[in-house]
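*Asks:* need a structure here:
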Amino acid sequence: MRRPGLNFAPLKGAPTFSTEQFNGIFVVTFETPIELDTSQILRRLRRYTSVIRISDDRKSLRFGLTRGVRVNMTPAAERLYIDFLPETWAGDA
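*Replies:* Residues are numbered from 1 along each chain as shown. As a prediction, this is how the structure comes out:
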């Protein structure tokens, strides 16, 4: 299975972002507004999230998690890859 990635093409790179996780919610906040199809992301992450919403100002994504996970975000060129790992994961994340 391919890793889920947020595609920011035609930008030359993924926007600067920060993350937070609390009470079953994972939030990615970007410095600039983004344009993404959340329905495609939700289909790819259905095992881990029940809903994905983009904020009104288009600067953040909120994921409603269906299980406890550790999240690792990896920027690569115009993509931002998301890895949902088991809570017990002991490697780099």
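*Asks:* The one helix or strand Val27 maps to pairs with which strands, and in what direction?
*Replies:* Using DSSP states H and E, Val27 maps to strand 25-30. Looking at strand 25-30 with DSSP bridges, its partner strands are strand 17-22 (antiparallel), strand 60-65 (antiparallel).
*Asks:* And the pLDDT for the residue nearest the centre of the chain?
*Replies:* In the chain, the C-alpha nearest the mean C-alpha coordinate belongs to Ile82, at 5.3 Å (C-alpha atoms, centre = their mean). For Ile82, the pLDDT comes out at 86.
*Asks:* Surely it is in contact with Thr49?
*Replies:* No - applying C-beta atoms under 8 Å, one finds Ile82 not in contact with Thr49, separated by 9.9 Å. All C-beta spots, glycine's among them, are computed from the backbone N, C-alpha and C.
*Asks:* follow-up on the earlier one: is it correct that the residue nearest to the centre of the chain falls within a helix?
*Replies:* No - counting by DSSP: H, G, I helix; E, B strand; the rest coil, Ile82 is located in no helix; its state is strand.
*Asks:* Which residue, other than its chain neighbours, is closest to Leu85?
*Replies:* Arg70 (4.6 Å; C-beta to C-beta, 6 or more residues apart in numbering).
*Asks:* Just want the phi and psi numbers for the one you found.
*Replies:* phi -110, psi 140 (degrees, to the nearest 10).
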